[in-house]
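# what's the 3D shape of this:
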Amino acid sequence: MNPNLEGAIDAVPLTLYHQTDLPTDFAPSTWVRLATSLSPFSHEEAMLLCQASSEEWIAWVPDYGEVVLHLSEFYLPTEWN
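Prediction:
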């Protein structure tokens, strides 16, 4: 193991999500807001394309492209859709 990275993993706090804590009422073609921007040049919204697993969606982000997003990485603002 790289001595410069040793202990770095322990320093990063991890948030554990239980499936019951995450919303599951998303549908394809829904625009969602990203919790964090994927790049300085991409939009902060994404369109859900299809569900990849019980906790992941394949989405399209303008000026970024397709990406797999975990349910914890996006949300549905109440004023949208």
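# show me the contacts for Pro77.
If a contact means C-beta atoms under 8 Å, 6 or more residues apart in numbering, then Pro77 has Arg33 as its contacts. Where you see a C-beta, it was placed from the backbone N, CA and C, and this is true even at glycine.
# tell me the SS of it?
Here Pro77 is recorded as coil under DSSP: H, G, I helix; E, B strand; the rest coil.
# quick check: phi and psi at it.
phi -60, psi 150 (degrees, to the nearest 10).
# over to Met47?
Torsion angles, degrees, to the nearest 10, at Met47: phi -100, psi 120.
# give me the nearest residue to it, chain neighbours excluded.
Using C-beta to C-beta, 6 or more residues apart in numbering and skipping the chain neighbours, the partner closest in space to Met47 is Trp60 (5.0 Å).
# bridge partners for that neighbour, pull those for me.
Trp60 has these beta-bridge partners by DSSP bridges: Met47, Glu66.
# point out where the chain drops to low pLDDT.
Scanning the chain for pLDDT under 70 picks out the ranges 1-24, 79-81.
# can you pull the contacts of the nearest residue to Phe74 once chain neighbours are set aside?
In space, and not counting its chain neighbours, Phe74 is closest to Val32: 4.2 Å by C-beta to C-beta, 6+ apart. Shown in contact with Val32 (C-beta under 8 Å, 6+ apart): Phe26, Glu45, Ala46, Met47, Leu48, Ala59, Phe74, Tyr75, Leu76, Trp80.
# and Val32, that's in a strand?
Yes: according to three-state DSSP, the state of Val32 is that of a strand.
# that older thread, count the neighbours of the residue nearest to Met47 for me.
By the measure other C-beta atoms under 10 Å, the count of residues near Trp60 is 14.
# my read is that it contacts Leu49, right?
Yes: with contact defined as C-beta atoms under 8 Å, Trp60 counts as touching Leu49 (5.9 Å).
# ramachandran angles for Glu73?
Dihedral angles (degrees, to the nearest 10) for Glu73: phi -90, psi 0.
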